[in-house]
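A.B. asks: Could you look at this predicted model? Sequence included:
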Amino acid sequence: MTEPLCIANNFIMWGQGEGVGISPLKMQKLLYLYYARYLHLWNVAPFTDYFEKWPKGPVLRDVYEALKIFGGDNIPGTLTDIRGKIVSITWDSKWFSPAFNDVVSRFGRMTAHELIQLTHEGLSGSPYETAWKKAPVMGAFLDPMDAMKDGRVLFA
């Protein structure tokens, strides 16, 4: 199981505990916000996968492939690896928790469509250009340095 899917399990478990549904589309946005925030906090990416510019915002292709079976429905439960084991990130990790907690406390209850607006346009009324906006064409990788800026600006 890729590391982004392990982190996805943390979002799923958080959502189950909080009564918040998470669709595949919302998951992509939460993962992007986690990535951006982690980059800003630690000056290093939390995983090696790159986000691509898609019409509905930043997307990790492997995560898309793994979750597309759910369509627009909420993901019903945690994801398992090929052995049937649930894999997630240790909640109390000093590297994981600050970024994760920032994402869920600030944006976890937003809808997928509100998160699309956020990753496309930034915070309401802000002239800031997001990493998604700066990517030159659909399918292009988002520049990690621009994502790091998103991790600063969107959490200010």
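C.D. replies: Yes, it's here. Keep in mind that what you see is a predicted model, and the values were worked out from it rather than measured.

A.B. asks: Tell me the pLDDT of the residue sitting furthest away from the middle of the chain.
C.D. replies: Computed with Cα atoms, centre = their mean, the residue of the chain farthest from its C-alpha average is residue 83, at 25.0 Å. Looking at residue 83, its pLDDT is 86.

A.B. asks: so what's it up against?
C.D. replies: For residue 83, the contact set (Cβ atoms under 8 Å, 6 or more residues apart in numbering) is empty. To be clear about C-beta, it is placed using only N, CA and C from the backbone, and glycine gets the same treatment.

A.B. asks: Relative to residue 120, how far out is it?
C.D. replies: According to Cβ to Cβ, to the nearest Å, residue 83 and residue 120 sit 38 Å apart.

A.B. asks: Which elements pack onto the longest helix along the chain?
C.D. replies: What stands out as the longest helix in the chain, according to DSSP state H, is helix 24-42. On a contact count with 3 or more Cβ pairs under 8 Å, 6 or more residues apart in numbering; DSSP states H and E, helix 24-42 meets helix 3-18, strand 57-59, helix 61-67, helix 96-107, helix 112-121, helix 144-153.

A.B. asks: Which SSE is immediately downstream of that helix?
C.D. replies: strand 52-54 (DSSP states H and E).

A.B. asks: Flag every buried residue along the longest helix of the chain.
C.D. replies: Burial within helix 24-42, assessed by neighbour count using 16 or more other Cβ atoms under 10 Å, is assigned to 24-41.

A.B. asks: again, but for stretch 68-76
C.D. replies: residue 75.

A.B. asks: nearest residue to the most centrally placed residue in the chain other than its sequence neighbours?
C.D. replies: By Cα atoms, centre = their mean, the mean C-alpha position of the chain lies nearest to residue 31, the distance being 1.3 Å. If the residues on either side of it in the chain are set aside, residue 31 comes closest to residue 4, at 5.7 Å by Cβ to Cβ, 6 or more residues apart in numbering.

A.B. asks: Can you read off the pLDDT for the one you found?
C.D. replies: On the pLDDT scale, residue 4 is placed at 95.

A.B. asks: residues contacting it?
C.D. replies: 31, 47, 49, 60, 62-63.

A.B. asks: at 6 Å what do you get?
C.D. replies: The neighbours of residue 4, taking Cβ atoms under 6 Å, 6 or more residues apart in numbering as the test, are 31, 47, 49, 60, 63.
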